[in-house]
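Chemist: Quick one: sequence plus predicted model below, questions after.
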Amino acid sequence: DAGVIQSPRHEVTEMGQEVTLRCKPISGHDYLFWYRQTMMRGLELLIYFNNNVPIDDSGMPEDRFSAKMPNASFSTLKIQPSEPRDSAVYFCASSFTGELFFGEGSRLTVL
Amino acid sequence: AQSVTQLDSQVPVFEEAPVELRCNYSSSVSVYLFWYVQYPNQGLQLLLKYLSGSTLVKGINGFEAEFNKSQTSFHLRKPSVHISDTAEYFCAVSGPRTGANNLFFGTGTRLTVIP
């Protein structure tokens, strides 16, 4: 299996622009998680899905953030409009048995 | 609710020396405990986990950890480190009911192996 695939690996954008991060989970996994990692705050769980349904989005920082999972093999995390404080590495992870498998992350820089 | 404290943010150690990375947790219920490793510019990957049973857990790359309920600790150890072990290590805890759905990560310990 190719593992969890995230794109883009790096994104540099200007404040106010829309950013879309993408994730393809491991086939057969029924849980999908979005995390954000920064030096200041460490790893934060933003939202997670079970069988494509959002279960807990309490970690989403504000309404500028939204996440969707239209099918079992694809999820997006959107930031609109983006702000410099959104700069971070965003990780997608999937799970079936309780062990999390992480993607390599999307490094976002908002100027 | 669960929480995790990693007592050391950075641990430098010479190659082939032993290392211990400390992790303490707090929880009012029984827990599952995990150690993840993050190599530069990569995602996290599971090193080992404690769910139940033997308190000494062996993981990949020669690492092991011991669950100590009385001290609420889950320290990670390796008897002889290699340069390739240089990475960030995260301890995580979850409740048995929530499992991976509600993992609480520590702030991480950066292990640097010195040649």
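Modeler: Here it is on my side, so go on.
Chemist: does A:Pro81 really touch A:Glu62, like I thought?
Modeler: No - counting by C-beta atoms under 8 Å, A:Pro81 stays clear of A:Glu62, with 11.1 Å between them. C-beta: built from backbone N, CA, C; applies to glycine.
Chemist: quick one: which of the two has more around it?
Modeler: A:Pro81 (14 against 8; other C-beta atoms under 10 Å in any protein chain shown).
Chemist: For the more buried one, give its distance to chain B.
Modeler: Per C-beta to the nearest C-beta, to the nearest Å, A:Pro81 is found 27 Å from chain B.
Chemist: Ramachandran coordinates for that residue?
Modeler: The phi and psi torsions at A:Pro81 (degrees, to the nearest 10) take the values phi -80, psi 150.
Chemist: ok, it - contacts?
Modeler: A:15-18, A:64 (C-beta atoms under 8 Å, 6 or more residues apart in numbering or on different chains).
Chemist: Just the buried ones among these, please.
Modeler: Neighbour counting by 16 or more other C-beta atoms under 10 Å in any protein chain shown classes none of the contacts of A:Pro81 as buried.
Chemist: So which of those is the closest to A:Phe74?
Modeler: A:Glu18 (18.0 Å; C-beta to C-beta).
Chemist: residue contacts, that closest one?
Modeler: A:78-82.
Chemist: Quick one: buried ones out of those?
Modeler: A:79, A:82.
Chemist: Would you mark the buried spots in the helix or strand where A:Ala67 lies?
Modeler: Taking DSSP states H and E as the definition, A:Ala67 sits inside strand A:65-71. Buried residues in strand A:65-71, counting neighbours by 16+ other C-beta under 10 Å, are found at A:65, A:67, A:69.
Chemist: I'd guess A:Leu43 is in a strand, am I close?
Modeler: Yes - assigned with DSSP: H, G, I helix; E, B strand; the rest coil, A:Leu43 falls within a strand.
Chemist: ok so, going back, now find how far off-centre the strand holding A:Ala67 is within its chain.
Modeler: Centroid separation for strand A:65-71 versus its chain: 9 Å, with C-alpha atoms, centre = their mean, to the nearest Å.
Chemist: In chain B, what residue comes closest to chain A?
Modeler: B:Gly43 (3.2 Å; C-beta to the nearest C-beta).
Chemist: hang on, the earlier thing: let me have the contacts of A:Glu18 in a markdown table, adding secondary structure, pLDDT and distance to B:Arg77 as columns.
Modeler: Formatted as a markdown table, these follow (DSSP: H, G, I helix; E, B strand; the rest coil; pLDDT from 0 to 100; distance: C-beta to C-beta, whole Å):
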| residue | secondary structure | pLDDT | distance to B:Arg77 |
| --- | --- | --- | --- |
| A:Lys78 | strand | 98 | 42 |
| A:Ile79 | strand | 97 | 40 |
| A:Gln80 | coil | 96 | 46 |
| A:Pro81 | coil | 96 | 47 |
| A:Ser82 | coil | 96 | 42 |
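Chemist: Sketch out the low-pLDDT regions of chain A for me.
Modeler: A:1 (pLDDT under 70).
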